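Novice: My questions are about this predicted structure, shown below with the sequence.
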Amino acid sequence: MSDPATCWRVHPTGPLHGEVRIPGSKNAITKHMVAAILADSPSVIDNAPDVGDVALTAEMLHAIGAEVMSEGSRVIVDPGPIASGSVPEAFTGRNRIPILMLGPLLHRHGEAFVPMVGGDDIGGRPIDFHVNALRAFGAEVEVGTGGVSAKAARLHGARVSLPYPSVGATESALLTAVLAEGRTVIENAAIEPEVVEMALFLQRMGARLELQPNRRWVIEGVDRLHGATRRLAGDRLEGFSYLAAGLATGGAVTIRGVDQANLVTGLSALRRMGATLEIDEEGITARAPSGLQAIAVHTDTHPGFMTDWQQPLAVLCTQAAGLSVIHETVFDGRFGYVSCLSEMGAAIELYDQCLGGPACRFHESNYRHSAVISGPSALHGAAIDVPDVRGGFAYLLAAASADSESILTGVHHIERGYHRPLRQFAVLGLDITPDSLPTRE
Ligand code: EPU
């Protein structure tokens with residue numbers, strides 16, 4: 001992973017062509033790593049991506065006494081006896097994973113402390129659903145300024161009804177329910193593929209759980225879980241992003257290793273924009289020989305158009321003919337990245353109304369959660385400080401589509417969630433040169 005003092009010089013090289021193999025996702029592997037500490041023997045996670053968040057999660061697990069080893073594309077987690085229930089405050093704000101560790105740490109240690117979670121600055125991102133779920137399981141939970149402390153002699157099954165189908169809160173509740181005494185029902189739960197992947201892993205570890213219609217997980221707690229092996233599915237988010245890289249530059253990229261079923265809504269959106277898709281057992285290719293057309297999209301929970309696809313889609317919209325509308329309904333502040341696209345020449349206006357889809361939770365709020373993008377626009381190179389992982393990738397796409405060099409700083413954000421982006425883009429023909437930050441005179 002790059003040092004924070006590293007920048008990338010992106011020299012646009014025209015249409016990107018080629019094939020990239022996509023490994024598992026950051027949002028699945030990090031949860032598998034947490035699930036593994038519930039077991040009394042080691043687990044193996046295969047098809048692991050080489051991303052910063054895996055190393056960070058490994059450090060957190062190490063701090064509580066677990067062993068984590070990487071062997072090629074495998075990550076092995078040996079939970080051992082779990083010597084500590086405390087995740088050090090040094091991990092404050094680094095990512096969203098500590099809050100998911102609370103339930104497992106209570107099972108393994110009886111008392112737990114996790115520092116305040118961070119993650120990308122894409123909205124308020126409260127943790128109230130997680131905390132309320134843990135309390136329903138019988139934990140005493142205290143939320144302080146430095147972090148969250150909890151204790152429980154024994155957690156019992158609970159009925160958890162989520163106000164919104166939160167991915168993280170569903171995962172928290174699943175990770176807690178599997179070893180709780182008795183039955184748990186999680187209603188209005190998330191059913192994102194990454195959540196299902198983690199549930200499949202828990203089932204292999206010996207958990208008794210099922211997904212019922214209408215977003216309902218039902219779990220019968222068991223007394224112990226054992227280590228398991230699982231191969232991760234290719235990252236649907238990264239796969240979509242590379243298809244967009246081909247289309248934004250007028251080229252054609254083939255992605256290998258991503259299940260079509262996990263991309264269906266994203267692929268439909270590309271098709272609506274005029275892309276031609278070739279899909280077979282080996283991979284998926286997108287090209288747009290006649291150019292791209294504008295689109296109206298609203299992001300949603302699964303199986304809707306995922307919120308992490310909207311940033312590459314926005315870059316595509318800058319290159320599409322006509323007025324596109326993107327309505328973000330999952331996070332209240334997920335358009336922070338567009339100001340840099342505007343500086344590069346994109347014509348984007350943000351609105352607080354719900355445009356391009358039905359009214360969402362943010363209607364009548366002041367959140368600017370709809371974007372209208374007029375295209376096509378010529379993009380120009382710029383000096384850009386990457387604010388977050390997904391916005392960062394969008395800037396890479398914009399820089400690849402621009403007419404002159406861009407310099408990206410803060411690239412460690414991109415490497416936090418994308419597998420070896422320099423190598424992947426080199427395969428596609430994009431010239432990215434890592435460099436040191438220019439020093440001030
Ligand atoms: N929410 C609450 N209270 C809570 C939890 C969530 O109000 O206690 C709200 C959030 O503020 C948001 C909505 O519920 O408005 C959905 O949030 P969710 O909990 O589903 O998101 P998350 O678990 O924090 C994960 C991914 C995100 C991805 C979302 C949606 C990880 C580490 N992060 O976030 O990925 O966008 O689900 O699918 O799994 C990324 O990878 O860049 C990323 C942001």
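Specialist: Yep, it's here.

Novice: what about the strands in the stretch 201-350 of the chain?
Specialist: For the stretch 201-350 of the chain, the strands defined by DSSP state E, counting those that start in this stretch occupy 208-212, 216-220, 229-231, 252-256, 276-279, 284-287, 296-298, 322-327, 347-351.

Novice: Columns mean neighbour count and mean pLDDT on top of the ones you listed, output as JSON lines?
Specialist: Backbone N, C-alpha and C define where each C-beta goes, glycine included. Converted to JSON lines, the strands of the stretch 201-350 of the chain look like this (neighbours: other Cβ atoms under 10 Å; pLDDT from 0 to 100):
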{"stretch": "strand 208-212", "mean neighbour count": "14", "mean pLDDT": "98"}
{"stretch": "strand 216-220", "mean neighbour count": "19", "mean pLDDT": "98"}
{"stretch": "strand 229-231", "mean neighbour count": "17", "mean pLDDT": "98"}
{"stretch": "strand 252-256", "mean neighbour count": "22", "mean pLDDT": "98"}
{"stretch": "strand 276-279", "mean neighbour count": "13", "mean pLDDT": "98"}
{"stretch": "strand 284-287", "mean neighbour count": "22", "mean pLDDT": "98"}
{"stretch": "strand 296-298", "mean neighbour count": "21", "mean pLDDT": "97"}
{"stretch": "strand 322-327", "mean neighbour count": "21", "mean pLDDT": "98"}
{"stretch": "strand 347-351", "mean neighbour count": "16", "mean pLDDT": "98"}
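
Novice: Please produce TSV containing those, extended by distance to residue 185.
Specialist: What follows is those, written out as TSV (distance: least, Cβ to Cβ, whole Å):
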stretch	distance to residue 185
strand 208-212	9
strand 216-220	5
strand 229-231	25
strand 252-256	37
strand 276-279	37
strand 284-287	37
strand 296-298	29
strand 322-327	32
strand 347-351	39
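
Novice: Show me the one of those strands that comes nearest residue 114.
Specialist: strand 216-220 (21.9 Å; Cβ to Cβ).

Novice: what's that closest one packed up against?
Specialist: helix 167-177, strand 183-187, strand 208-212 (3 or more Cβ pairs under 8 Å, 6 or more residues apart in numbering; DSSP states H and E).

Novice: try it again with 10 Å
Specialist: helix 167-177, strand 183-187, helix 193-204, strand 208-212 (3 or more Cβ pairs under 10 Å, 6 or more residues apart in numbering; DSSP states H and E).

Novice: Residue 75 is in contact with residue 33, correct?
Specialist: Yes. Using Cβ atoms under 10 Å, residue 33 is in contact with residue 75, at 6.7 Å.

Novice: Where does pLDDT dip in the stretch 1-150 of the chain?
Specialist: Within the stretch 1-150 of the chain, the ranges that satisfy pLDDT under 70 run 119.

Novice: Give me every residue in it lying close to the ligand.
Specialist: 27, 96, 120, 123, 124, 125, 126, 127, 128, 129, 130 (Cβ under 6 Å from any ligand atom).

Novice: Just want the residue of this structure that's nearest the ligand.
Specialist: Taking Cβ to the nearest ligand atom, the ligand has its nearest neighbour within the chain at residue 168, 2.8 Å off.

Novice: Neighbours of that residue, how many?
Specialist: Look at residue 168: counted by other Cβ atoms under 10 Å, it has 21 neighbours.

Novice: Leaving out sequence neighbours, find the closest residue to it.
Specialist: Using Cβ to Cβ, 6 or more residues apart in numbering and skipping residues adjacent in sequence, the residue nearest residue 168 is residue 96, 5.9 Å away.
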